[in-house]
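Asks: model this:
(2 chains, ligands or ions: 2)
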Amino acid sequence: MKQLDTFVMSLQAIRGNKLRSSLTLFGIVLGVASIIAVMTAITVIQNTMEQEMSILGAQTFQVQKWPNGFSSGEERRKAMRWPAVTIAEADEIRKRVQSVDIVGAELWQFGLKLEYRDKEIETASIVGGTPEYPQNNVHFVADGRNITQMDVRAGRKVAVIGYGVANTLYPFIDPIGREIRIDGRKYEVIGVFDEKKSAFGSQYDNYVLVPISAFVNTYGLSNEDGWPRSVNITVHARTPELVDDAITETRQVIRRARGVPPGDDDNFTIFNSESSIEQFNMITRGIKIGAFVIGTIALLVAGIGIMNIMLVSVTERTREIGIRKSLGARPKDILRQFLLEAIVLCNIGGLIGVLLGFVAGNTLVQLGMSSSFESAVPVEWAVIGLVFCTVIGVLFGMLPAIRASRLNPIDALSYE
Amino acid sequence: MPVAPKVLPELESAVLVLRDVVKTYVMGSEEVHALSGVSVSIGKNEYVAIMGPSGSGKSTLMNIIGCLDVPTSGSYSLGGEMVADKSETELADIRNRLIGFVFQTFNLIPRADVLHNVELPLIYGGVNKAKRIALAKEALDRVGLSDRLTHKPNELSGGQRQRVAIARALVFDPSIILADEPTGNLDSRTGEEIMQMLDDLHANGQTIILVTHEDNIAAHASRAIVLRDGRIESDAQVENPVRAARAEHTVLAH
Ligand SMILES: Nc1ncnc2c1ncn2[C@@H]1O[C@H](COP(=O)(O)OP(=O)(O)OP(=O)(O)O)[C@@H](O)[C@H]1O
Ligand SMILES: [Mg+2]
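Replies: Residues are numbered from 1 along each chain as shown, chains lettered A, B, ... in the order given. Ligands and ions are numbered 1, 2, ... in the order given. Sure, this is the predicted structure:
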């Protein structure tokens, strides 16, 4: 007997029992959908993150006091006791590390008001930076000019403004050469950044860049709580291949400058896009495992449901099995028929689950975070999901199928 | 008073030979002797009616002949091959290739349409789809149901259902057609139609064994075996088979 014939028969049997089949499928759909939804959501975030991180540049890494966004509270508490990263340390890197060509220093202040005439932006960020800023952060000046070494040396009150800032404050006019009030202080607009759409929010279009010296002159080297302000140093390696060397050298240079004894941990943070992605993956691994465990439990429970329904189906179709045997169906034909029925049933549920999971995962991210996340379809998880369904089908369909195949033809034929 | 079985036809011409076949069912502590020593030989193109009171072992004998069951003791050879000690799979293949069943209760698969029901033996025989459909249609044509291919069994009358069953029994060109009370669930007129169909198959060279309670049905056969208490009480040629009398108007639909 041919596989295809068996397959067609099992489809007929499932179609013949639509309500029961769909009830049975519910568990499978739920199990698969929950796994796929979580995996899809994570993939969507991950893809977007990788994309943005790679825009930040594979050649660039950061030295800063605070651990990056995905760190634990404990790591942050530990970092609180570390010394601030200073402009001098940036100079030290620039001077001593051979494998880097651009070293920028940045100071950030958040939640400031920007004004032009009667227009204002309530909360924006200001970064005090050096001329290396655009290249290191891969955020280039589209109109006007960048800040220069002269601006930095002279501490001139000039500003390169984000695309969003330009749109809001200067909707119908060219902002270049006009004044802007940052936190109440007057600056001259000298340039406008590229539009930098980000799935993680519009903060990169709503900030202004000023010379780091002007920033220090205004805000000082300690923040409002009296803590020393810590500089973010952005370092650009000469070539992508040199990134690892550059990180190692930079670490040593700062450790030496700070006199960290050998064997002690770093008292600063160095990270690049790669290590951020790794960190993200580590955090999501837990979520993935959780989703997988929950999904697996749901599928196993659903598998028991499948077994139950298949046992009922075998009992109900005892006479049919007898008829088939009288016509020459071998035990293995009957076994295959019922096993395939369970597998097909599971995979129909699996397919629906995969589709629902894709939709749910993408919707979840787009509603919960930002609609600018690009949809993703984690094909490998779809395949894993369906293989899993097949395994469940075989596992829980086997007992009923064996029972069917072993029925005695006469008893089966005379079953009422 | 048991009658000695009549002389067995020569073995070479026999389609099947049973010797001292015993079938005992064990029901708890009780033993039921459904067959207690049946020897019979049936030749090619014979038309045999098995008769006897209820519980005399007719169905048990049919099941053994049809390889749905195996004897407790005694030997059974079908088409020159001993059936004893065959595996489930081998028995299934024998049923598939050599036997065509017609049951009192039709035994069609309710969810499948007429064509698929008739195709089933060919499916289990591994016949490819195109050939299968051609053969199934031909068989349905022979029983006059060419216009009912896509009907479900519950959309057919009893007589039509039994004709589908006959088409299914003959579709793979079996050595024997076994019919266990094929007219038992039909009115006498429809029963006669079914019998005419069997008569015609027999006229075309088919070997037929049928179980019946009714003398007028048995009268279609050319040989009548009567069972009583699991033994053969008589085994004799039928003097003037009914079908002979109306051979000229026994016409199948096609
Ligand atoms: N599976 C079984 N288990 C136990 N006893 C059985 C079984 N099948 C048949 N018998 C017994 O064997 C005997 C013969 O039964 P069988 O069905 O062959 O009779 P039958 O001649 O076909 O009767 P009927 O005309 O009523 O169909 C009966 O006594 C019956 O009760
Ligand atoms: Mg009977």
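Asks: where in the stretch 1-150 of chain A is pLDDT low?
Replies: By pLDDT under 70, the weakly predicted segments of the stretch 1-150 of chain A are A:1-3, A:52-57, A:69-71.
Asks: what about the residue of the stretch 251-400 of chain A found nearest chain B, neighbour count?
Replies: Residue of the stretch 251-400 of chain A nearest chain B, by Cβ to the nearest Cβ: A:Gly328 (2.3 Å). C-beta: built from backbone N, CA, C; applies to glycine. Number of residues near A:Gly328 (other Cβ atoms under 10 Å in any protein chain shown) recorded here: 26.
Asks: what's the answer for B:Asn117, then?
Replies: 27.
Asks: Which secondary structure element is home to it?
Replies: helix B:114-124 (DSSP states H and E).
Asks: Report all helices and strands that that helix contacts.
Replies: With contacts defined as 3 or more Cβ pairs under 8 Å, 6 or more residues apart in numbering or on different chains; DSSP states H and E, helix B:114-124 has these neighbours: helix B:88-98, helix B:129-142, helix B:158-170.
Asks: switch to 7 Å and redo it
Replies: helix B:129-142, helix B:158-170 (3 or more Cβ pairs under 7 Å, 6 or more residues apart in numbering or on different chains; DSSP states H and E).
Asks: Quick one: distance of it to the chain centre.
Replies: Per Cα atoms, centre = their mean, to the nearest Å, the displacement of helix B:114-124 from the mean C-alpha position of its chain is 18 Å.
Asks: Also stretch A:399-416?
Replies: 53 Å.
Asks: does chain B sit close to it?
Replies: Yes: judged by Cβ under 7 Å from any Cβ of the partner chain, stretch A:399-416 comes into contact with chain B through A:409-410, A:413.
Asks: Show me where chain B has its strands.
Replies: B:14-27, B:30-43, B:47-51, B:73-78, B:81-82, B:99-103, B:176-180, B:207-211, B:223-228, B:231-237 (DSSP state E).
Asks: Nearest to A:Thr24, out of those strands?
Replies: Nearest to A:Thr24 among these is strand B:99-103; the distance by Cβ to Cβ comes to 32.0 Å.
Asks: can you list contacts of that closest one?
Replies: Strand B:99-103 is contacted from outside by A:326, B:66-67, B:165-166, B:169-170, B:174, B:176-180, B:182, using Cβ atoms under 7 Å, 6 or more residues apart in numbering or on different chains.
Asks: What of stretch A:116-123?
Replies: Applying Cβ under 7 Å, 6+ apart, the set of residues contacting stretch A:116-123 is A:111, A:113-114, A:165, A:168-170, A:178, A:180, A:206.
Asks: residue contacts, the closest residue in space to B:Val118 that isn't next to it in sequence?
Replies: Among residues not flanking B:Val118 along the chain, B:Ala136 sits closest, at 4.2 Å (Cβ to Cβ, 6 or more residues apart in numbering or on different chains). B:Ala136 is in contact with B:115, B:118-119, B:122, B:171, counting by Cβ under 7 Å, 6+ apart.
Asks: Much appreciated, bye for now.
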